[in-house]
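# have a look at this prediction, sequence included:
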Amino acid sequence: MKRLLSSLIGCSIETVEGSQGVVRDFYFDDHSWLLRYLVCHLPRTASSASRSVLVSADHFLPPQWALPIFPVRLSDEQLLQCPDWETDVPVSKQKAEQMAVTILSPENGGIGTAGILMTPIPRYVNRLGRKAADPRLRSFQAVRHYALRTSNQEVGRMRDLAIDEADWAIHGIVVRLRRRFGGRTIIVPPQWVSEIDWFNGALRSEADADHWKDAPDFPAKRHLLRQK
């Protein structure tokens, strides 16, 4: 059964030894539409500060949806040793970090607004010394309210992603259409999206507006997507 990804945000992470941390985000590949990581926030302890780490989808176990708890195939120590969340950052973070904004001062030396200079900053490097800027890695929290745009107009806004815990693949995009296109909430396959445009905050589609207007409704019994 398909589940809404948003229902896992805020879940407790449960290692093989017990609860440890909270789900803050999911990163996915916008080509394969597979979940790659979850972002786990680890609370401060007597020996360490709070921080966020990446847990690979290879370690995911079926969630206990009714509680809700997200078990992972890791010990407490293995979870603590997971890579920092900045080890592999999504496009939204890549773009933000690539923009160094410098306010140019007027000739009199005061602070002015003569211009803005955008400078790329190659900040993120993996353990082998290569840049870890994956152009296909996306943050669910960053894109979940993006506009849905065809070639010339906005037809709605993304609301959620539907996943299948059997393969951790994204099988559907939940979109709320604008009133002029029926005002319905629909669910469509991710293949309908041709590009995720970070700069304009949009999911872009080559399909015309009528194609989206005729898309199937999101199920009325939404709770079936949320828990067993």
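Okay, I see it.

# can you tell me how far residue 90 sits from residue 188?
Per C-beta to C-beta, to the nearest Å, residue 90 is found 22 Å from residue 188. Bear in mind the C-beta positions are built from the backbone N, C-alpha and C, glycine included.

# ok, the two, which is more surrounded?
residue 90 (27 against 20; other C-beta atoms under 10 Å).

# which helix or strand in the protein has the lowest average pLDDT?
Lowest on mean pLDDT, DSSP states H and E among the helices and strands of the chain sits strand 100-103, with a mean of 36.

# centroid-nearest residue for this structure?
The centroid of the chain falls nearest to residue 140 when counting by C-alpha atoms, centre = their mean (1.6 Å).

# tell me which residues touch it, please.
5, 6, 9, 25, 26, 27, 28, 161 (C-beta atoms under 8 Å, 6 or more residues apart in numbering).

# out of those, what pair is the most spread apart?
Using C-beta to C-beta, the two most remote members of the contacts of residue 140 are 6 and 27, lying 14.8 Å apart.

# these two: who's more crowded?
Set residue 6 next to residue 27 and count neighbours by other C-beta under 10 Å: residue 27 wins out with 24 against 17.

# what's the local residue count around residue 19?
As a burial measure, residue 19 scores 13 neighbours (other C-beta under 10 Å).

# burial count for the residue nearest to it when sequence neighbours are not counted?
Sequence neighbours aside, residue 12 is the residue nearest to residue 19 in space, at 4.8 Å (criterion: C-beta to C-beta, 6 or more residues apart in numbering). Counted with other C-beta under 10 Å, the neighbours of residue 12 add up to 16.

# in contact with residue 12: list those residues for me.
Listed by C-beta under 8 Å, 6+ apart, the contact set of residue 12 reads 19, 21, 22, 23, 67, 68, 69, 70.
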